[in-house]
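Visitor: Quick one, what's the 3D model for this:
(one chain, ligands or ions: 1)
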Amino acid sequence: SEDFAWTKNEKTSFFYGTFPTGFSWGAGSSAYQTEGAWNTDGKGMSIWDAFAHKKGKIFLNDTGDSSCEGYFKFKDDITLMKDMKLNHYRFSISWPRILPSGLKNEHINEKGIKYYDDLINMLLENKITPIVTLYHWDLPQVLQEKYGGWQNVSMVNHFNDFANLCFERFGNRVKYWITFNNPWSVAVEGYETGEHAPGLKLKGTGAYKAAHHIIKAHAKVWHTYDMQWRSKQKGLVGISLTADWGEPVDITNQRDIEAAERYIQFYMGWFATPLFNGDYPQVMKDYIGRKSGQQGLGASRLPVFSPQEKSYIKGTCDFLGLGHFTTRYITQKNYPSGLGDSYFTDRDLAELVDPQWPDPGSEWLYSVPWGFRRLLNFVKTQYANPMIYVTENGVSEKMLCTDLCDDWRMQYFKDYINELLKAIKDGVNVKGYTAWSLLDNFEWDEGYSERFGLYYVDFRNKNKPRYPKASVQYYKRIISSNGFPNQREVESWKRKAVETCSSSNQLLALFNTGVTLIQLIFYFSHMEMVTEIVVPTVCTLCILLSAVFLMFLLRGRL
Ligand SMILES: CCCCCCCCCCCCC/C=C/[C@@H](O)[C@H](CO[C@@H]1O[C@H](CO)[C@@H](O)[C@H](O)[C@H]1O)NC(=O)CCCCCCCCCCCCCCCCC
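Guide: Numbering: from 1, shown residues only. Next up, the predicted model:
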């Protein structure tokens, strides 16, 4: 309607209203980021285990070895989900946990299967729908070593065998399958920049080849489900693509408009266009083909689908999973060929940000809510309005931030979810929203230094306790109201959420002080000279602090 027409460049007004009945609210995680138990109960090694164990790859040399201990604490986590009244939980299956060598015909690890059986059963008992990702980046290490991972076309069949096993064992209960999570990152960060596992820097070719095999693997798994399982299991198979919005720097400049379009086509279109239309976006074929020619190569660095492959791949998406975090301004920028060709230079564009945009955590993540609605409308028009599940959306804070009153996250969710609501009113076919992430977890090459969780996880404590941030309360309100009912109510939510987080904050602060003091004791206890002074002093302080906290608690109760 008139008051929120997105074509009018309206970027600020808030829309009060509710989501369609049956809209699904959820939160997400992934196996390597959350489970820990990296070598427990017969699990094989993944490329992320191997990568993180190498010194210098991850911030502070952190690993996902124990992470949130989700493998052991999933029952507690389901209690958290139940308390939030989530409709769905998105998690991923670790391929090497159920197939340690990656190959179905070698060894099936029944203990791994049991873990996912228990998780799925308990979710269903609590009326939480599982949305299951088959590949959230943790390829079995053996497949990397033997075949070169996604550089090798044989992954298509190995992945299909793994997926088929999952359909066989879990498909009677799982109705939403996501083949790949964010294949852009797998291809670009894994095989082009090498910042992610397996850490290869195959500039200008590696990402395109990996993506080519991933697209084929997705299509094969979709056909397997379609032919063998769909009639019995009645589920859906989709993919989760991450895409940022690209806004032209100058909306009156045709070169900027085309550069922004290219940015999106090289990002989401790279994967979405083959799955919906049967081939790579024309602009990718043109740009990479031309630059390859200028390099003197006989063929484009972008691989080609045969006519048979095109028709096999086209239409293999029952729903589109969409991960979205941020937006960029885009302008045209020429990169002459020959000067270090890469995925990035192939695009001939530059990314810019507005320094006014809030950026509370990750370096790359600015809060730009209006970009979300534009992206969703772009998907609607480009791919004939597919069924969409938002599979990831969220914001981080830095490691040292232990403030559970996460005002920035409440604001981010409020504004992004509101843009989603506007997009649905525009006619975009979105069925569900998944907050990223349920818990703070292992944030890939950034280790534990960036926290995306609704729940704070204390990684210094072996038990990995979870503490609700204020955004838990806020998200709960959005869920229970199925949106934003009216101004008066919505404006009270933040205040109410902050009331609950301040006591958790004190608990966490006390705990942190305790940990620091214990660390001090440990440190000084090795120095005989000061032991007699420091240890008793620190202990006394501990007791005093506990007493103060107890008084605080009792006062709250009376
Ligand atoms: C010659 C030209 C060179 C240009 C070079 C440009 C380089 C730009 C690099 C942009 C990197 C953007 C990375 C964004 C990735 C996210 O889309 C992706 C989303 O996946 C999901 O993310 C969750 C949160 O991260 C994650 O937990 C979940 O599992 C996952 O599914 N996230 C990731 O891939 C995670 C790692 C990102 C690490 C990126 C580090 C890049 C650091 C440089 C950023 C500086 C950019 C500042 C912007 C300035 C623009 C002018």
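
Visitor: which element is the residue nearest the centre of the chain on?
Guide: Taking CA atoms, centre = their mean, the centroid of the chain lies closest to E392, which sits 5.2 Å from it. Assessed by DSSP states H and E, E392 sits inside strand 388-393.

Visitor: all strands for the stretch 51-200 of the chain, in order.
Guide: All strands of the stretch 51-200 of the chain, identified by DSSP state E, counting those that start in this stretch, fall at 88-92, 129-135, 176-181.

Visitor: what's the closest of the ones you listed to the ligand?
Guide: Each of these has some distance to the ligand by CB to the nearest ligand atom; the shortest is strand 176-181, at 5.2 Å. From N, CA and C alone the C-beta is placed, and that goes for glycine too.

Visitor: ok so, going back, can you put the strands of the stretch 51-200 of the chain in TSV and add mean pLDDT, mean neighbour count and distance to W229?
Guide: What follows is the strands of the stretch 51-200 of the chain, written out as TSV (pLDDT from 0 to 100; neighbours: other CB atoms under 10 Å; distance: least, CB to CB, whole Å):
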stretch	mean pLDDT	mean neighbour count	distance to W229
strand 88-92	99	25	19
strand 129-135	99	24	13
strand 176-181	99	25	10
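
Visitor: so can I have JSON lines of these showing distance to A435?
Guide: As requested, these are arranged in JSON lines below (distance: least, CB to CB, whole Å):
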{"stretch": "strand 88-92", "distance to A435": "10"}
{"stretch": "strand 129-135", "distance to A435": "13"}
{"stretch": "strand 176-181", "distance to A435": "15"}
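
Visitor: could the ones you listed be laid out in CSV, adding distance to the ligand?
Guide: Written out in CSV, the entries for the strands of the stretch 51-200 of the chain read as follows (distance: least, CB to the nearest ligand atom, whole Å):
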stretch, distance to the ligand
strand 88-92, 9
strand 129-135, 9
strand 176-181, 5
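
Visitor: any low-confidence regions in the protein?
Guide: By pLDDT under 70, the low-scoring segments of the chain are 1-12, 399-401, 503-507, 509-558.

Visitor: Near the ligand, which residues of it? Just list them.
Guide: Residues of the chain lying close to the ligand by CB under 6 Å from any ligand atom are 30, 33, 181-182, 185, 189, 242, 323, 325, 344-345, 351-353, 363-364, 392, 436, 443-444, 452.

Visitor: Mind checking which of these are buried?
Guide: Among the residues of the chain next to the ligand, the ones that count as buried by 16 or more other CB atoms under 10 Å are 30, 33, 181-182, 185, 189, 242, 323, 325, 344-345, 351, 392, 436, 443-444, 452.

Visitor: So which of those residues are in helices?
Guide: Under the assignment DSSP state H, those contribute 33, 185, 189, 344-345 to helices.

Visitor: Contact partners for the residue nearest to the centre of the chain?
Guide: Residues in contact with E392, defined by CB atoms under 8 Å, 6 or more residues apart in numbering, are 28, 182, 240, 242, 322-325, 434, 436-437.

Visitor: Need the nearest residue in space to it, chain neighbours excluded.
Guide: In this structure, E392 finds its nearest non-sequential neighbour in G323, 3.5 Å apart by CB to CB, 6 or more residues apart in numbering.

Visitor: My understanding was that that neighbour contacts I239; is that so?
Guide: No: with contacts counted by CB atoms under 8 Å, G323 stays clear of I239, the gap being 10.6 Å.

Visitor: Contacts for stretch 163-172 next, please.
Guide: Under the criterion CB under 8 Å, 6+ apart, residues 93, 98-99, 104, 108, 113, 116-117, 120, 132, 134, 174, 177, 179, 221, 224-225, 228-229, 232-233, 235 lie in contact with stretch 163-172.

Visitor: what about the closest residue to G190 other than its chain neighbours, neighbour count?
Guide: Using CB to CB, 6+ apart and skipping residues adjacent in sequence, the residue nearest G190 is H196, 4.8 Å away. By the measure other CB atoms under 10 Å, the count of residues near H196 is 23.

Visitor: What of N277?
Guide: For N277, the tally of surrounding residues (other CB under 10 Å) stands at 17.

Visitor: OK, contacts around it?
Guide: 314, 383.

Visitor: distance of it from the ligand?
Guide: When CB to the nearest ligand atom, to the nearest Å is the yardstick, N277 and the ligand sit 23 Å from each other.

Visitor: can you tell me how far W357 sits from L420?
Guide: For W357, the distance to L420 under the criterion CB to CB, to the nearest Å works out to 19 Å.

Visitor: Look at the two and report which has more neighbours.
Guide: Looking at W357 and L420 with other CB under 10 Å, you find the greater number of neighbours at L420, namely 24 against 14.

Visitor: okay, the angle between the helix or strand harbouring the more buried one and strand 388-393?
Guide: According to DSSP H and E, L420 maps onto helix 407-426. Here the directions of helix 407-426 and strand 388-393 differ by 170 degrees (axes from the mean of the first three to the mean of the last three CA atoms, to 10 degrees).

Visitor: got the contact list for stretch 457-464?
Guide: Contacting residues not belonging to stretch 457-464 are listed as 66-69, 73, 439-441, 448, 451, 465-467, 508, 511-512, 515 [CB under 8 Å, 6+ apart].

Visitor: Any of those buried? List them.
Guide: When these are checked for burial by 16+ other CB under 10 Å, the buried set is 66-69, 73, 439-441, 448, 451, 465-467, 508, 511.

Visitor: so how far is stretch 332-350 from its chain's centroid?
Guide: 28 Å (CA atoms, centre = their mean, to the nearest Å).

Visitor: Report how many residues lie close to N463.
Guide: 9.

Visitor: now swap in G296 and tell me
Guide: 8.

Visitor: quick revisit: for the residue nearest to E392, list each beta-bridge partner.
Guide: When bridges are called by DSSP bridges, G323 pairs up with T242, E392.

Visitor: Contacts only, for it.
Guide: Listed by CB under 8 Å, 6+ apart, the contact set of G323 reads 181-182, 240-243, 390-393, 436.

Visitor: Return the set of buried residues in the helix holding L420.
Guide: Within helix 407-426, the residues that qualify as buried by neighbour count (16+ other CB under 10 Å) are 407-424, 426.

Visitor: Check which helices and strands it sits against.
Guide: strand 17-18, helix 370-382, strand 430-435, helix 470-481, strand 483-484, helix 487-524 (3 or more CB pairs under 8 Å, 6 or more residues apart in numbering; DSSP states H and E).

Visitor: contact partners of the fourth one?
Guide: Taking CB under 8 Å, 6+ apart as the criterion, the residues outside helix 470-481 that touch it are 18, 25, 83-87, 404-407, 409-410, 413-414, 417, 435, 454-455, 484, 489, 493-494, 496-498, 500-501.
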